[in-house]
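Enquirer: Quick one, structure for this:
(one chain, ligands or ions: 1)
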Amino acid sequence: MLDNILLEENIDRITMPENLAIGLMVAEQHQKCSSIGCDFDYFGFAFGQSPFHVPPPLARALERAAVKSGYADAEGIFELRKAAAGFNARHFGLDPDPERIIIGPGTKGLLFLLFSILDGEIIIPVPSWIGYAPQANFLGKTYHPLLTSHDNGYKLTAEDLVSFLKKHDKKQYLLVLNNPNNPTGAVYSKDELSSIAAICRKNGIVVLSDEIYALTTFNFSAFTSMGIVYPEGTFVLSGLSKDRSAGGYRLGICYLPEADCRKIKMGFKKLAATVYTNVTTPVQWAAMAAYSENDEIEEYIAITRELHRIMGLTVSKEFTEIEGLQVTKPEGGFYFYIDFNSFKDNLKFCGVNNSNQLGKALISHPHHIATVTGDSLLLPPDNYGARIAFVDYNGQRAYEAYKNQRPSSSKEEIAFVKEFAPLMVEGAAAVSDFLAMVKEGKFKFS
Ligand SMILES: Cc1ncc(COP(=O)(O)O)c(C=O)c1O
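Expert: Got it, this is the predicted structure:
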C-alpha cells in the first residue's frame, strides 16, 4: 500500500510565505482567544494588500476579455507590451520599445523566472521583503543579506557594496533593490541610485529593481527608476498588484536591460513556455486598460497615492510618539519599519529572546497586534524589528469620502485617519501599552 509519498528535498528549504503564515497564526489565535471569551479584533499591521477596489476600467475590461480564450505568446501579447512600454515612458521616462517588455505571473513569478535563468549569487539588502530569500533557497542559489542601518535610512549605499565586493570573489552578482522599500517605506534619490549604479557598472553587477510600489511614491516627481540610471544592467519589475489593487490578477511586467536583451528574452520565453505557457490571456487583454492612457486610471492612481500618504504619515507619527521606538517615516509603499532594540533587555527579561518571538509576543492575547518580524524580514535573531503595514481599513469607503471632500490641512488628515482607519490608530496605542507592560516586567512570554 502506498502510504508515504516522497517529496523533493528542496521543498523543505522553504517555509510558508509570511502572509499565509500570519493568516494561519491569526486564525489560530482567534480560536484560542474565543475559548477564553475574547472577541477582540486584531490590529492588522501584517498584510500588504491594497485596501482599494479594482479600478473600474480594469474590472470592465476583464469582463469584456472573457472571450479571449486562446493561448498567447510566452513573453506576453504584443498589444499589452506596447501599452506597458508607453505607460513606462509616460510615467518614468523609460524607453518606449515594447521589445524591452515581458509579461509574467506577477512580480514574484517574474523574480522566480529571472533567478532561474540568470547566473550569479544574489545580494539582498536587509531588512528585506520576505519574497526574495525563499526563492533563492528553493533554487539552491546563494544569497548574501547586507544589513543596512537606521543612520542611512535603511538604504543600501555604494560603500556597502564596495565593502561587500572586497570580501567576495569576482563573479556576477544579482542585486535586488526594492524601491520604494518594503518594509521601510524608503525611496532612493536619483543621486543614491547613481552612486550604486556606478559600482554596479564597474563590477558587472546586475540589478533586479523591484519597483512594484513606484506609483505609490508620495512625492511621485521625486521617484527615479533604476532603469533610467543604469539602463544596461537593470531589470525593472512592477505590475498591477499594488497601485491598481489587483494582486489576484497575477500580472507583472519586466523591463529588460539594454545589454543582451534578446538573449535574456529568449531564455525567459523558453522557460515560461516550458512551465506555464502564458499569463492568463483575458487578464492580459484586460490589463491593457490599466496601461493605456486613461484619465479614470490616472485619477485612481493619484487618489490612492494620496490616501497612502495620509495613512502612512499619520500612523507612523502615532508610533513615533512611543518613547524608545525608532520609526521610519514612509515615503512610498504600504509600510514603515519599527526598531525595538532599545527595549531588548526588557524584552529578554519578559522571555522574548529573539525577533521571531517578538512577533508572537505582539500578537498574543490581549495585545492582538499582527506584524511581520524576524526571519521574515531576514533580520538576525538579535535584531528586534517589525514591519507595520498601514492598509488595514475599508479602502473604497475612504476613497469615496476623499473624493467628496479632501482633507485640506494636517489636522483634517488626522481626523480623516481616525474616522476611516480607527483600528490603525488604536493599534499604535496597543503597541504603546504592550511596551509599557514590557518595561515594567509585567509581560510574560510563553
Ligand atoms: C516588495 C514586493 N515585491 C513583490 C511583491 C509581489 O508582487 P506581485 O503580486 O506582483 O507578485 C510584493 C508583494 O507583497 C512586494 O511587497
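Enquirer: Tell me how many other residues crowd the residue of the chain found nearest the ligand.
Expert: Per CB to the nearest ligand atom, Gly106 is where the chain lies closest to the ligand, at 2.9 Å. The C-beta positions use only the backbone N, C-alpha and C, and glycine is treated the same way. Gly106 has 22 neighbours, counted by other CB atoms under 10 Å.
Enquirer: And Lys265, by the same measure?
Expert: 18.
Enquirer: ok, it - contacts?
Expert: 75, 99, 102, 256 (CB atoms under 8 Å, 6 or more residues apart in numbering).
Enquirer: Could you give the backbone dihedrals for Asn178?
Expert: phi -110, psi 120 (degrees, to the nearest 10).
Enquirer: Tell me what the residue lying closest to it once chain neighbours are set aside is bridged to.
Expert: Excluding its sequence neighbours, the residue lying closest to Asn178 (CB to CB, 6 or more residues apart in numbering) is Asp210, at 4.4 Å. When assigned by DSSP bridges, Asp210 has beta-bridge partners Asn178, Leu237.
Enquirer: pretty sure Asp210 is touching Asn179, no?
Expert: Yes - with contact defined as CB atoms under 8 Å, Asp210 reaches Asn179; the gap is 7.4 Å.
Enquirer: can you pull the buried residues of the longest helix that the chain contains?
Expert: In the chain, taking DSSP state H as the definition, the longest helix is helix 295-320. Buried residues in helix 295-320, counted by 16 or more other CB atoms under 10 Å: 297, 300-301, 303-316, 318-320.
Enquirer: and it, anywhere near the ligand?
Expert: No - Helix 295-320 stays clear of the ligand (CB under 6 Å from any ligand atom), getting no nearer than 13.3 Å.
Enquirer: And the average pLDDT for that helix is what?
Expert: What helix 295-320 shows for mean pLDDT is 98.
Enquirer: now what about the helix or strand just after it, what contacts it?
Expert: Beyond helix 295-320 in the direction of the C-terminus, DSSP states H and E gives the next helix or strand as strand 326-327. By CB under 8 Å, 6+ apart, the surrounding residues in contact with strand 326-327 are 150, 316, 319-320, 336-339, 341-342.
Enquirer: again, 6 Å this time
Expert: Under the criterion CB atoms under 6 Å, 6 or more residues apart in numbering, residues 150, 316, 319-320, 338-339 lie in contact with strand 326-327.
Enquirer: swap in stretch 234-252?
Expert: Outside stretch 234-252, the residues touching it (CB under 6 Å, 6+ apart) are 49-50, 52, 54-55, 104-107, 110, 207-213, 215-216, 225-227, 253-255, 257, 279, 283, 287, 290, 301.
Enquirer: Now which of those residues would you call buried?
Expert: Buried positions within these, assessed by neighbour count (16+ other CB under 10 Å), are 49-50, 52, 54-55, 104-107, 110, 207-213, 215-216, 225-227, 253-255, 257, 279, 283, 287, 290, 301.
Enquirer: sorry, back to before: who wins for most neighbours among the contacts of Lys265?
Expert: Ile102 (28 neighbours).
Enquirer: so it bridges to which residues?
Expert: With DSSP bridges as the rule, Ile102 is bridged to Cys254.
Enquirer: got the contact list for it?
Expert: When the contact criterion is CB under 6 Å, 6+ apart, the partners of Ile102 are 75-76, 254, 268.
Enquirer: now, which of those residues sits nearest Met424?
Expert: Cys254 (32.9 Å; CB to CB).
Enquirer: my read: the closest one touches Leu111, true?
Expert: No - counting by CB atoms under 6 Å, Cys254 does not reach Leu111; the two are 9.0 Å apart.
Enquirer: low-scoring stretches of the stretch 1-150 of the chain, by residue?
Expert: 17-37 (pLDDT under 70).
Enquirer: can you list the residues of the stretch 151-300 of the chain near the ligand?
Expert: Within the stretch 151-300 of the chain, the positions adjacent to the ligand are 178, 182, 210, 212, 239, 241, 247, 252 by CB under 6 Å from any ligand atom.
Enquirer: Next one: Arg406 from Glu412, what distance?
Expert: Counting by CB to CB, to the nearest Å, the gap from Arg406 to Glu412 is 8 Å.
Enquirer: I'm done for today, thanks for sticking with me.
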